[in-house]
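>>> Below: sequence and its predicted model.
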Amino acid sequence: VIAILNQYRMTGAEAEKEFMHGFDGWVWAVAFLQAGGGLLVAAVIKYADNVLKGLATGVSVVTSTLCSMVLFGTPLTLQFSLGSVVILASVFFFSNDIPGGNAKSVEQKPNNTDVEMQKPLIT
């Protein structure tokens, strides 16, 4: 609404441009990727815990930076390398049992009474 009102207020060369001037295929692709990412985060928060969301966010930062290095030639710094090692190590230790621990593992029976977890993501 504010953008439309501002369009009527403009004068000069800016006023002659159409409302979505500059929106090309790349802009729409980024918009749809952001919308899909938001829906994915909502599904993760609904069906997983907050720690898993944090770990997934860390891995996505590392992955997107590695893709940026390959595609755009972004330089890799020492700080980012150390941070990446810490993130990937934390994901590894969180998702795997550490061998040699003194704690006895407790086997849990599957809980089939949780109806919310049995629902499909998309209905």
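Perfect, I can see it now. The shown structure was predicted, so the numbers you read here are calculated from the model rather than taken from an experiment.
>>> pLDDT below threshold where in the protein?
100-118, 121, 123 (pLDDT under 70).
>>> quick one, helices of the protein?
Taking DSSP state H as the test, the helices found in the chain are 2-9, 25-47, 50-72, 78-95, 115-118.
>>> As TSV, the ones you listed with mean neighbour count and distance to residue 18 would be great.
Backbone N, C-alpha and C define where each C-beta goes, glycine included. Converted to TSV, the helices of the chain look like this (neighbours: other C-beta atoms under 10 Å; distance: least, C-beta to C-beta, whole Å):
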stretch	mean neighbour count	distance to residue 18
helix 2-9	8	10
helix 25-47	11	14
helix 50-72	13	30
helix 78-95	12	40
helix 115-118	8	46
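>>> and of those helices, who's closest to residue 19?
Judged by C-beta to C-beta, the one of these that comes nearest to residue 19 is helix 2-9, at 6.4 Å.
>>> Can you get me the centre-to-centre distance for the closest one and its chain?
33 Å (C-alpha atoms, centre = their mean, to the nearest Å).
>>> Give me the contact list for it.
15, 19 (C-beta atoms under 8 Å, 6 or more residues apart in numbering).
>>> Dump the C-alpha coordinates for that helix into PDB.
Written as PDB, here are the backbone C-alpha positions of helix 2-9 (Å, rounded to 0.1, in the frame of the first residue of the first chain):
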ATOM      1  CA  ILE A   2       2.800   2.400   0.900                       C
ATOM      2  CA  ALA A   3       4.600   1.600  -2.300                       C
ATOM      3  CA  ILE A   4       1.500   2.300  -4.400                       C
ATOM      4  CA  LEU A   5       0.900   5.600  -2.600                       C
ATOM      5  CA  ASN A   6       4.500   6.600  -3.100                       C
ATOM      6  CA  GLN A   7       4.200   5.800  -6.900                       C
ATOM      7  CA  TYR A   8       1.600   8.500  -7.200                       C
ATOM      8  CA  ARG A   9       3.800  11.000  -5.300                       C
END
